[in-house]
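Novice: Quick one: sequence plus predicted model below, questions after.
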Amino acid sequence: MFKIDGNALLTCGVVVVHIVGLDKPGVRFLLQGNEAVARGALEGGVQVATGYPGTPSSEVIETLSEIAKDYGIYVEWSVNEKVAFDVAVGAAVVGARALVTAKNAGVNWYMDMFATVVYGGLPGGLVVYAADDPGAFYSSTEQDTRPLAKSVGVLILEPADQGESKEMVKLGFDYSERFELPVFVRSVTRISHSTGDVLFGEIKKERNKVFFNRHYGLPFRYNVYGPYKYKGEVGPSAKHAWQLEKLEIIKEFVEEVPFNWVEEGDTDVGIVASGIGYSYVKDVLARLDGSVKPWVFKIGTPYPLPIRKLSKFLSNLREVLVVEEGDPLVEEEIKALSKDCCPEIKILGRESGTIRSFGELGLSQVLKAVSELTGSKYYEPSNERRNIKAEIKKIIAPRSSMLCAGCPHLGTYWVLRFALHKTVNKYRDRFKGAWIVNGDIGCYEMGGYGLFAREIEPWREKTTKRVSFDNPYEILDTNYIMGGGIGLAQGQYHAGYREGPIVAVAGDSTFFHACMPALLNATYNKAAITFLVLDNSWTAMTGHQPAPTTGFTATGSPSKTYRIEDVARALGVDDVWVVDPYDIKSAEEALLKAMDKTINESKTTLVVFRRECALQVVRRLTREGKVITHYLVDVSKCVGCRLCVQLGCPAIGWDESSRKAFIDSTLCVSCSLCAQVCPVKAIKPSTEKVVGVKEV
Ligand code: SF4
Ligand code: SF4
């Protein structure tokens, strides 16, 4: 008898098996989109799977890492997406089937190799899986990666649901080997992070033979240069010509691929729906009154499009709505196509403004657009449903994005805030303007202006001004991309900014992902900046995947634990401090010394703030059955100064009636930071145990 628990695990006696690894062809399971991708990889005979954690893509590698040993798959969390991509290409070079995963922002990282490897092709199947994030739920942009894949000229598959996610990844290996080119599978958050019906197929147990024939497929393989002539060209131009020929073969292939089809209608209007757009359209058509049935062309290959089939489809219609998630990629192609096949037809979509051109596609927008197209009425949501929504809204308190209770970054930002104030006071003759703190992406990004931060009055004067801030959520001045802050800081210094200290902040996983070359650049080019690495030993923001600082790999095998200070010294940083952010006094002293050194000796300095992520510590203690006590406020001593509130720990609250602080014992993890900042020693450890932790 099988039992399914919340983590998609099946328990059979004492053996626990991930559902994705079950050898049960013909059975249907509810799988999350990313689990379906992992299953597709298994059914497709994947041999190597790589990726860097990035929501909404992370669960593919997480899932494969759980079943890797059972099926002999090599799975790794790579240090960044570019390395992940290169490792997967290396596997395909020796004939293996490889999968590489990333989120939308991660795709930018591997474009160099992606744009180049298509010039020579690969003997092994390479599936490139990208999970985009329309609506930017987890991302700094809602970038559509399909145009990037189109720009390098490979087949793009775009699933409409979880079932297709599995099929496309599985067949993607076959297609890739058939065309000797990578196949790009593009998903979106709404599929990757929700569950759907997936029909299991056979798990491919045979593996591609791993070989290296130096002459395999020459003159085009493994090297973008070479003396061979093709179409009168040599080197990259010759190889580009070869790739374009392959693309012509792929264009023929998509006319017959099983992921594109037509559904007949009874009117002269139609819908072209790509990827998840098709699922929205199916849902919407079920809500219409059924008086008009539009023609539907379901697209699973947004590039290249099945031109012949589409031309035939369009030529019978007066008006066509294109429904797709992201940029108007398909809409633009169809507009171009219609000029040849049916210039009178009207094409509507995101570019025409029929559906708004930004934000996530929503059911209501598609409903409105389809009902206008077909002149159909649709059923309004019932009052009952509206009332429920209104009631829910009343009881949910608006909440800002924030760091966790007891997060070590709270201590770091507290220390940084005071060190900056002290430094500008100490060097007040030199620093007349603002300091600059350059951050980037990770959980420490909460130190920037979040969605619900205090409203800020912008001004456009080209002067710098000192602005005070009240809490740790307003400390980062810039925040763009992973590892970007250390580079920005150097640019500010070399441009001649001297009105305040220049600081850069990164996390430990980000340090290895993107900061190392930038740090070497800083020491080589002598940038006087202070660099803070917030080392919590995990890639915490994306769900606590291991990093080079964690001590084990994706599959749990023990590995080397890398120390940031050792790497930094090798990169030329002479002045390094390692501090505990829970020890405010010592950490502040070290940071002040580092900033002094930067200012007086024009040096790149580094302070590593090291303390494991509080969530992971609590989880471990809970598993071990250990009891966690909490801190409390002695209201007889509290003078209501609110310094502890300014620390920003979500466990600390403020009672307006008594004008005293209080601590929520169910959240507090006993880090002691608030006790250290209270000027009258009103905060102290309780002997009470925290309910909920002790009983697990
Ligand atoms: S000790 Fe203070 S700062 Fe630390 S978790 Fe508890 S309330 Fe928050
Ligand atoms: S820092 Fe101390 S005195 Fe000030 S509000 Fe908090 S508990 Fe009260």
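Specialist: Perfect, thanks for sending it. Ligands and ions are numbered 1, 2, ... in the order given.

Novice: Next, the buried residues of the one helix or strand residue 29 maps to.
Specialist: Residue 29 belongs to strand 28-32 when assigned by DSSP states H and E. For strand 28-32, burial by neighbour count (16 or more other C-beta atoms under 10 Å) applies to 29, 31-32. Where C-beta positions appear, they are placed from N, C-alpha and C, glycine not excepted.

Novice: Next to ligand 2, which bits of this protein? Give me the list.
Specialist: Selection of the chain residues close to ligand 2 by C-beta under 6 Å from any ligand atom yields 633, 638-644, 661, 678, 680, 682-683.

Novice: Just the buried residues of these.
Specialist: Neighbour-count burial (16+ other C-beta under 10 Å) applied to the residues of the chain next to ligand 2 gives 633, 638, 644, 661, 678, 682-683.

Novice: so which of those residues also contact ligand 1?
Specialist: With the criterion set as C-beta under 6 Å from any ligand atom, no member of these is near ligand 1.

Novice: Closest one of those residues to residue 596?
Specialist: Nearest to residue 596 among these is residue 678, at 27.9 Å by C-beta to C-beta.

Novice: The closest one touches residue 644, doesn't it?
Specialist: Yes. At 5.5 Å, residue 678 counts as touching residue 644 under the criterion of C-beta atoms under 8 Å.

Novice: Can you name the residue of the stretch 151-300 of the chain nearest ligand 1?
Specialist: Scanning the stretch 151-300 of the chain for the residue nearest ligand 1 gives residue 193, at 29.5 Å (criterion: C-beta to the nearest ligand atom).

Novice: Quick one: the strands in the stretch 51-200 of the chain, in order.
Specialist: Secondary structure of the stretch 51-200 of the chain (DSSP state E, counting those that start in this stretch): strands at 74-77, 98-103, 126-132, 155-157, 183-188, 195-199.

Novice: Name the residues of the chain found near ligand 1, please.
Specialist: Along the chain, the residues adjacent to ligand 1 under the rule C-beta under 6 Å from any ligand atom are 405-406, 631, 649, 651-652, 663, 668-674.

Novice: check which helix or strand covers residue 24.
Specialist: Under DSSP H and E, no helix or strand contains residue 24.

Novice: Report how many residues lie close to it.
Specialist: Other residues lying near residue 24 total 14 when counted by other C-beta atoms under 10 Å.

Novice: start the count at 255, not 1, going forward
Specialist: Renumbered: residue one is now 255, and that last one reads residue 278.

Novice: What separation is there between it and residue 683?
Specialist: Here the distance between residue 278 and residue 683 works out to 75 Å (C-beta to C-beta, to the nearest Å).

Novice: Next: residue 315.
Specialist: Distance of residue 315 to residue 683, computed by C-beta to C-beta: 53 Å.

Novice: neighbour count winner among the two?
Specialist: residue 315 (31 against 6).

Novice: what's the more buried one in contact with, if anything?
Specialist: Residue 315 sits next to 303-305, 307, 329-331, 355, 799, 808 when contact means C-beta atoms under 8 Å, 6 or more residues apart in numbering.

Novice: can you tell me which of those lies nearest to ligand 1?
Specialist: For the contacts of residue 315, the nearest to ligand 1 is residue 799 (24.2 Å; C-beta to the nearest ligand atom).

Novice: My guess is that closest one contacts residue 333. True?
Specialist: No. Contact criterion C-beta under 8 Å: residue 799 and residue 333 do not qualify, at 11.5 Å.

Novice: what residues are up against the one residue in the stretch 555-704 of the chain that gets nearest to ligand 2?
Specialist: Ligand 2 sits closest to residue 668 of the stretch 555-704 of the chain, with a gap of 12.1 Å, by C-beta to the nearest ligand atom. Contacts for residue 668 (C-beta under 8 Å, 6+ apart) come out as 726, 838, 901, 927, 931.

Novice: Spell out the secondary structure type for it.
Specialist: helix (DSSP: H, G, I helix; E, B strand; the rest coil).

Novice: I'd like to know how far it sits from residue 522.
Specialist: Distance from residue 668 to residue 522, by C-beta to C-beta: 66 Å.

Novice: again, but for residue 294
Specialist: 38 Å.

Novice: Give me the more crowded residue out of these two.
Specialist: The neighbour comparison of residue 294 against residue 522 (other C-beta under 10 Å) goes to residue 294, with 31 against 13.

Novice: doesn't residue 428 make contact with the more buried one?
Specialist: No. Look at residue 294 against residue 428 with C-beta under 8 Å: they stay out of range, at 11.4 Å.

Novice: what about residue 536, helix or strand, and which?
Specialist: Using DSSP H and E, the element containing residue 536 is helix 530-541.

Novice: and the helix or strand that comes right after that helix, what does it pack onto?
Specialist: Using DSSP H and E, the next helix or strand after helix 530-541 towards the C-terminus is strand 549-553. Counting contacts by 3 or more C-beta pairs under 8 Å, 6 or more residues apart in numbering; DSSP states H and E, strand 549-553 is packed against strand 515-517, strand 523-528, helix 530-541, helix 561-569.

Novice: Show me the contact partners of the first one.
Specialist: When contacts are taken as C-beta under 8 Å, 6+ apart, the neighbours of strand 515-517 outside the stretch itself are 549-552, 563, 567.
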